[in-house]
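Undergrad: Below: sequence and its predicted model.
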Amino acid sequence: MGKVGKPIVSVSGVRAEVGVSLDVRIITQFAMAFGTFVGSRTVVIGRDSRTSSPTVRHAVLAGLFTTGCHVIDVGLCPTPTILLIAKALRAQGSITITASHNPVTWNGIEFASASGRLLTQAERDELMRIYETEDFALAPWNEQGTLETYAGAVDYHLDQILGSSWLAPELIQKTGLKVVIDCGNGAGSVVSPSLLRKLGCRVVELNCVVDGHFRRPAEPTPEALDELCKTVLAAGADIGFAHDGDADRLVIVTERGVPLSGEWTLAFIADFILSKTTGDVVATVSTSRMLDDIAAKYGVALHRTKVGVGWVVEKMHEVGAVIGGEGTGGVIYPDIHYTTDGIASIAAIAQYLAESGATVTQLVENMPQYQMCRKKLEISSQELATRLVNLALAVYKEACDAGTEPQLELTDGVKRVWNDRWVNIRPSGTEPVIRVFSEAPTFTVAEQLCDETIETLKMLMKQNSH
């Protein structure tokens, strides 16, 4: 038998490449650990549209059944829908079969605890302890797990969004918005086009067939959205929307066919929500400075966390934030549920557009302008990536002590902050790379920051390769 590579275990769950490192035995053991963790009670499962999802589902079921869990299978659904229905059905936890924005060749599982919330650090530690010690609560022959299927998850999610206090579908309908929706052949296809129709939009569907073959990369980066940009222009649409594979993210294309980074999704929605209600905002260390400006405009506090939805959610609970998210296009609506919800974001942006009476381009022009640069440095292992970041910290600390450097923020990796720009390096939680993100008033300056930082890392790598 060929040697199976190692899957990547992170804050949210387990991910691996199908046919390379996706070992169904590991999936089953994680499901056994999770079944034990939730006390052999009720677990909701659902899956995205990947061709390997049925295989992973069987492995998950085996692990949950053997620990005596009652499983409610909601079928092919976006991740936020699965977490929301787990909360509604009062399950003790959920397992979502997805690799989210990873390429089509990947798959994995993501865990959430009771009330559809991502696991806290303490819960993750306990789950890992059970997994590593194989301390499984195996059910006797007459108490094996059971399966129930549930078909109403998507409708329930739609109802929750349509019932939001900030939404007025009749105003959107009056505006007669024309929207192109690109679901990337992912799980969003089963819900987002119908939400837009319920909002009274004129809808053009693109890549909304759930056949597990992604016609563009699962991560909706500006480079991946060429077809959407062209379709928006050809259709004369007011806006284009794109999801990642499991629809927890949303990104926007302007009426001029210009793709915006995910940063704009959170910036627009924070501006929209804060115009209606007052409260704090939570974002990660690598999210745009636009949020500092928006928080200042409304006189509220902005709290920054480590990268990862779990950290944002914990901080939102702690400070009672009214909105939060990441610059990936993932936004959290606490009045719906505590997870990033790309489907709710469609409704929020449509309402924002309808109320403002402006074009997307005008909304962009009304925001403070910064340019971001995102690069990554491939490293041979995650361990080496972490070691390099620590070495870089020592270098920057020394310069900082000499009084020649910007401020250092160590919430996640190393972030160097000047008054109008910043650069952040951190080891990825999902792949063997160091991510280098920067932001400045111009792209040239932002890219220069990234490139200088990568040079420093490469130099440290050379020095320490012996």
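TA: The structure has been received and is ready for your questions.
Undergrad: thinking A99 is in contact with E110, fair?
TA: No. A99 is not in contact with E110 according to C-beta atoms under 8 Å; the separation is 9.1 Å. Every C-beta, even on glycine, is put in place using the N, C-alpha and C of the backbone.
Undergrad: Compare the two and say which one has the larger neighbour count.
TA: A count of neighbours by other C-beta atoms under 10 Å puts A99 above the other of A99 and E110, at 30 against 26.
Undergrad: And the spatially closest residue to the more buried one that is not a sequence neighbour, how far from L22?
TA: Nearest in space to A99, with sequence neighbours left out and distances taken as C-beta to C-beta, 6 or more residues apart in numbering, is W106 at 3.8 Å. Distance of W106 to L22, given as C-beta to C-beta, to the nearest Å: 8 Å.
Undergrad: who touches both of those two?
TA: Common neighbours of W106 and L22, counting by C-beta atoms under 8 Å, 6 or more residues apart in numbering, are A16.
Undergrad: In this structure, where is pLDDT below threshold?
TA: The chain contains residues with pLDDT under 70 at 1-4, 11, 404-405, 430, 466.
Undergrad: Sketch out the helices for the stretch 51-200 of the chain, chain order is fine.
TA: Under the criterion DSSP state H, counting those that start in this stretch, the stretch 51-200 of the chain contains helices at 53-66, 79-88, 121-133, 153-162, 169-175, 192-198.
Undergrad: which strands and helices sit next to the third one?
TA: In terms of contacts (3 or more C-beta pairs under 8 Å, 6 or more residues apart in numbering; DSSP states H and E), helix 121-133 is packed against helix 24-37, helix 309-319.
Undergrad: buried stuff in that helix?
TA: 123-124, 127, 130-131 (16 or more other C-beta atoms under 10 Å).
Undergrad: Kindly reformat those residues as TSV containing distance to S275.
TA: Formatted as TSV, the buried residues of helix 121-133 follow (distance: C-beta to C-beta, whole Å):
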residue	distance to S275
E123	35
R124	36
L127	40
I130	45
Y131	45
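Undergrad: Ramachandran coordinates for G200?
TA: phi 80, psi 20 (degrees, to the nearest 10).
Undergrad: Single out the most deeply packed of the helices of the stretch 51-200 of the chain.
TA: When the helices of the stretch 51-200 of the chain are scored by mean count of other C-beta atoms under 10 Å, the highest mean neighbour count falls to helix 79-88 (a mean of 27).
Undergrad: Which residues does it contact?
TA: With contact meaning C-beta under 8 Å, 6+ apart, helix 79-88 is reached by 44-46, 48, 74, 77, 93-94, 96, 98, 100, 110, 112, 115-117, 150, 152-154, 156-157, 160, 187, 191, 246-248, 336-337, 339-344.
Undergrad: same thing but at 7 Å, please
TA: 44, 46, 74, 94, 96, 98, 100, 110, 112, 115-116, 153-154, 156-157, 160, 191, 246-248, 337, 339-343 (C-beta atoms under 7 Å, 6 or more residues apart in numbering).
Undergrad: go on, stretch 397-407?
TA: 396, 408, 416-418.
Undergrad: Widest-spaced pair of those residues?
TA: Greatest spatial distance among these (C-beta to C-beta): Y396 and W418, at 12.8 Å.
Undergrad: So the two - more neighbours on which side?
TA: Y396 (20 against 12).
Undergrad: ok, and for whichever strand or helix holds that one, which residues are buried?
TA: In the assignment (DSSP states H and E), Y396 maps to helix 382-401. Going by neighbour count (16+ other C-beta under 10 Å), the buried part of helix 382-401 is 382, 384-385, 387-389, 391-393, 396.
Undergrad: and the nearest residue to L171 once chain neighbours are set aside, what does it touch?
TA: Leaving aside its chain neighbours, L171 sits nearest to A354 (4.9 Å; criterion: C-beta to C-beta, 6+ apart). By C-beta under 7 Å, 6+ apart, the contact list for A354 reads 171-172, 175, 177.
Undergrad: V319 now?
TA: 280, 282, 303 are the contacts of V319 under C-beta under 7 Å, 6+ apart.
Undergrad: From those, pick the one nearest S428.
TA: Closest to S428, out of all of these and judged by C-beta to C-beta, is V282, at 21.2 Å.
Undergrad: Phi first, then psi, for that closest one.
TA: Main-chain torsions, V282, degrees, to the nearest 10: phi -120, psi 130.
Undergrad: partners of it in the sheet?
TA: For V282, the beta-bridge partners are H303, G324 (DSSP bridges).
Undergrad: doesn't V312 make contact with it?
TA: Yes. If you go by C-beta atoms under 7 Å, V282 and V312 touch, sitting 5.3 Å apart.
Undergrad: Convert the host helix or strand of the residue nearest to L171 to CSV, retaining C-alpha atoms only.
TA: Here A354, judged by DSSP H and E, is contained in helix 342-356. The C-alpha trace of helix 342-356 is given here as CSV (Å, rounded to 0.1, in the frame of the first residue of the first chain):
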residue,chain,number,x,y,z
GLY,A,342,-22.1,34.2,2.9
ILE,A,343,-25.8,33.8,2.2
ALA,A,344,-26.9,36.3,4.8
SER,A,345,-24.2,38.6,3.3
ILE,A,346,-26.1,38.6,0.0
ALA,A,347,-29.2,40.0,1.7
ALA,A,348,-27.2,42.6,3.7
ILE,A,349,-25.4,43.9,0.6
ALA,A,350,-28.6,44.0,-1.5
GLN,A,351,-30.3,46.0,1.3
TYR,A,352,-27.2,48.3,1.6
LEU,A,353,-27.3,49.0,-2.2
ALA,A,354,-31.1,49.5,-2.2
GLU,A,355,-30.9,52.0,0.7
SER,A,356,-27.9,53.9,-0.5
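Undergrad: Can you name the next helix or strand after that helix?
TA: By DSSP H and E, the next helix or strand past helix 342-356 is helix 360-365.
Undergrad: if we look at that next one, which residues are touching it?
TA: Counting by C-beta under 7 Å, 6+ apart, residues outside helix 360-365 touching it are 239, 252, 254-256, 264, 268, 353, 356.
Undergrad: Which residue is the nearest non-sequential neighbour of S100?
TA: D246 (5.0 Å).
Undergrad: Contacts only, for A112.
TA: 83, 86, 93-94, 118-119.
Undergrad: Let me know the closest of these to S164.
TA: Looking across the contacts of A112 and measuring by C-beta to C-beta, the closest to S164 is L83, at 16.7 Å.
Undergrad: What is the neighbour count of the residue lying closest to the closest one once chain neighbours are set aside?
TA: Leaving aside its sequence neighbours, L83 sits nearest to G116 (C-beta to C-beta, 6+ apart; 3.8 Å). Residue crowding around G116 was assessed by other C-beta under 10 Å; the count is 24.
Undergrad: cool, and T277?
TA: The local packing of T277 (other C-beta under 10 Å) involves 12 other residues.
Undergrad: So it is in contact with A321, correct?
TA: No. In this structure, T277 is not within contact of A321 by C-beta under 7 Å, at 10.9 Å.
Undergrad: beta partners of V43?
TA: What pairs with V43, by the bridge criterion (DSSP bridges), is V71, G93.
Undergrad: Many thanks, we can stop here.
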